[in-house]
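>>> got a predicted structure here, sequence first:
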Amino acid sequence: MTNVVRSLAVLLLSTCLPTASIAAAPPTGSRSSAQDDGQWSMPAKDYAATRYSALTQITRTNARSLHPVWTFSTGVLGGHEGQPLVVDNTMYVVTPWPNVLYAFDLGKEGYPLRWKYRPAVSPNAIGIACCDSVNRGAFYSEGRIFYNLLDGHTVAVDAKSGRELWKTEVADNAAGETVTMAPLVVKDRVIVGASGGEFGIYGWLKALDAASGKIVWTARNIGPDAGMLIHPDTFKPPYAQGADQGAASWANDAWKTGGAPVWGWLSYDPELDLVYYGTGNPSPYNSEQRVGDNKWSNSVLARRPADGALIWAYQFTPHDNWDYDSTGAMVLAEVKVEGRAVKALVHFDKNGFQYALDRATGKLLNATPFVPVNWATSVDLHSGKPVLDPTRQTGASKGNVHNICPSLEGGVSPASPPAYSPHLGWFFTSTNNFCMDYAATRATYLKGTPYMSVNSPYIAGPGGHLGALVAWDAGAGKKVWQIDEPFPSWSGVLATAGDVVFYGTLDGWFKSVDATTGKVLSKFKVGSGVVGNPITFRGADGKQYVAVFAGVGGDWALLSGDMRSDDPADVRVPLEMMKQIARHTSQGGMVWMFGL
Amino acid sequence: MSATPNWAIRLATCCVLVTSCARHDAAPTAAASAPPGIQYEAHVQAGGRPSTGAELNNPLHGNPAAARDGAALFVAMNCDGCHGGDGSGWVGPSLADGRWRYGGADAEVFSSIYFGRPKGMPAFGGTVGTTGIWSIVTYLQSLAPPANVATESFED
């Protein structure tokens, strides 16, 4: 972090803090440490997806003495995205494929296992998952753990005994579908979606009955209204109007293999009774095979959990031709836009813009680049559409289009969810600093095989760093502070009421940071790169702990080429721009716990 | 996805390789015994014994035109979507490092493509056909492994 940025942060703090804290009440009302249950029962801590804990034992002044208190090897080498859960002095950990579920007894010395659950899961799914055999975590509800298996099943497991309650096939591997996302449980609905934007799936969201596992409804993300569960009397999109937009905005019925997967995060507003989720890229990457806006790929969709009815939708990147998935978190926060406190949905998109929408209507409040962006110059607040740079549009007939920012890894990966501190009114997010060339060619649809057809080498973005942790004021659309990282930043973020922010790095550092200034307070080398999301909880001894996975994986592990050591028949040339990464990390899944 | 170097350059390299590298599938010691059977994952062996048959050899080995066809098929059949541009590796293993999970002999590479392999390699026998698969095998055999596969040094 530069001194200039730091002094700006101090200035902002001294002038803005009182108003920020008034404007920043989270949807569930204000919190204090006493009100926090000290648990972490759902992927993002709360339905608003804030990844914010009101625990205050760990503070800006004592965080420097944080140290490891416990570790456990998961025995799995895939990318450890996602996060543990902690409920009733038990920690639940889902591994990447083969999707083992561990339950640790936090009341006993050494935290031994209460049980482990090893589902039958097909190894064939590994090759159908586009980008490593990752899993983004579980959801606890009423004595049950719900999570997804890579081979397209959702399971419910009894939290006390580890006994499987039900197992339902939700996705079709043969059609290129896998499941990597963490479910969201609302009332008696377990809501799940499929990955496969690189395989030409017909993307969907499904709700299962929590008691039986029976599929209650299936809502397509693209295609005709009937499949999308759109009813003319209740569907009120803020901009685009008309019937069957999900089909009409695709020439030649290309929606049938149009992708729009769901591999990120879901959030829920209990007052509005709306579930929010982002859809991924349209298939294939060559946009000339799907002329039109390609609704509702790269969009946020708001649905009623009871029947799945689509209430509104907003498309961040119409006619995506850069692989800018919108599967990143939709954080529900009250932000101050031009002096007015709004119940907003805040989203950091792969396309490099931070968006704030009115979460009741989907109307756009603001959109500001949070990393270097050149595919669009701005987003028009009146129409909700990006103002495109015509020289950065891609397609097979355009050949190799150079220097598009951000790269298709995104200004931030949707796998790396941000945190929001209602106390400070700021967001904290990982970022990637890359641009790309993009040469699309004609793609052939072969069921169950990749449906992409692009060659897109990356170029380091400006500034000499490949990633960063950024503190961000979403109401004003302004950066507060930034910590540069030598490698892309692929970890989620945790914020606490002690004004400490936690994140991990691709080269294997776990860091605590002063949320108000961006000063690193402590760091520890955890053995493998961090692509998971830190959590915090109150232990059986009443003390506050922080837990995170180490275990590098996902896109950068695949791209770097040289992070793996387990397969003597797979020895790759290292990626030129990240030649040093394998010096600092190799694969290996570990759960780490830190305390004071 | 990583950059795709011009395959034509690789092809030029491969022609040199084909003429200079001895092939290892001549089975010099097997002359006296029965021909080895063709085995694959799902094959049910009568009496637990492999059936006898001729050894599978690549009829297109070293044929530059076949390697070009194979390179085109490698893209057209979406192989590059998992194995990366030029077979350099992605979610599927690298096919350009001279190392083979299931063996690099003609018959072994052919079988991997024809019948598929665990962890998600689809069976392409029904869609690509025998000649197409031999073209892909020829292309993969044409990829020259990097000079020093085993050691990666981080010191300047």
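Yes, it's here.

>>> nearest to chain A: which residue in chain B?
B:Gly120 (1.6 Å; C-beta to the nearest C-beta). From N, CA and C alone the C-beta is placed, and that goes for glycine too.

>>> now that residue: how far from A:Arg359?
Going from B:Gly120 to A:Arg359 by C-beta to C-beta, to the nearest Å gives 39 Å.

>>> likewise for A:Phe487?
34 Å.

>>> so between these two, which is more surrounded?
When A:Phe487 and A:Arg359 are compared for neighbours, A:Arg359 comes out ahead with 28 against 22, by other C-beta atoms under 10 Å in any protein chain shown.

>>> let me see the contact set for the more buried one.
A:269, A:272, A:274, A:276, A:302, A:332, A:343-345 (C-beta atoms under 8 Å, 6 or more residues apart in numbering or on different chains).

>>> and which of the residues you listed is nearest to B:Ala67?
A:Tyr276 (50.5 Å; C-beta to C-beta).

>>> I'd say the closest one and A:Pro305 touch.
No: using C-beta atoms under 8 Å, A:Tyr276 is not in contact with A:Pro305; the gap is 10.8 Å.

>>> who has more neighbours, these two?
Here A:Tyr276 and A:Pro305 are compared on neighbour count by other C-beta under 10 Å; more neighbours surround A:Tyr276, at 28 against 21.

>>> what are the bridge partners for the more buried one, then?
Under DSSP bridges, the beta-bridge partners of A:Tyr276 are A:Ser267, A:Ala302.

>>> who in chain B is up against chain A?
Within reach of chain A by C-beta under 8 Å from any C-beta of the partner chain, chain B has these residues: B:1-4, B:75-78, B:80-82, B:85, B:88-94, B:97, B:99-101, B:118-122, B:127, B:146, B:149-150, B:152, B:154.

>>> of the residues you listed, buried ones?
Listed as buried from those are B:1-4, B:75-78, B:80-82, B:85, B:88-94, B:97, B:99-101, B:119-122, B:149; burial here means 16 or more other C-beta atoms under 10 Å in any protein chain shown.

>>> of the residues you listed, which belong to helices?
B:75-76, B:80-82 (DSSP state H).

>>> in TSV, list the residues you listed along with distance to A:Ala254 and pLDDT.
Below are these laid out as TSV (distance: C-beta to C-beta, whole Å; pLDDT from 0 to 100):
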residue	distance to A:Ala254	pLDDT
B:Val75	20	95
B:Ala76	19	95
B:Asp80	21	95
B:Gly81	18	94
B:Cys82	23	95
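
>>> element containing whichever residue of the stretch 151-300 of chain A sits closest to chain B, please.
Closest contact between the stretch 151-300 of chain A and chain B, by C-beta to the nearest C-beta, is at A:Glu198 (6.8 Å). Using DSSP states H and E, no element contains A:Glu198; it sits outside every helix and strand.

>>> can you get me a residue count around it?
Neighbours of A:Glu198 using other C-beta under 10 Å come to 27.

>>> could you find the closest non-adjacent residue to it?
A:Cys130 (3.9 Å; C-beta to C-beta, 6 or more residues apart in numbering or on different chains).

>>> please determine how far the one you found is located from B:Ala76.
A:Cys130 is 19 Å from B:Ala76, by C-beta to C-beta.

>>> helices of the chain, residue ranges please.
Using chain A here. Using DSSP H, the helices of chain A run over A:3-23, A:125-128, A:225-228, A:245-248, A:555-560, A:581-584.

>>> oops, I was thinking of chain B
Counting by DSSP H, the helices of chain B are B:7-20, B:64-76, B:79-83, B:106-115, B:125-142.
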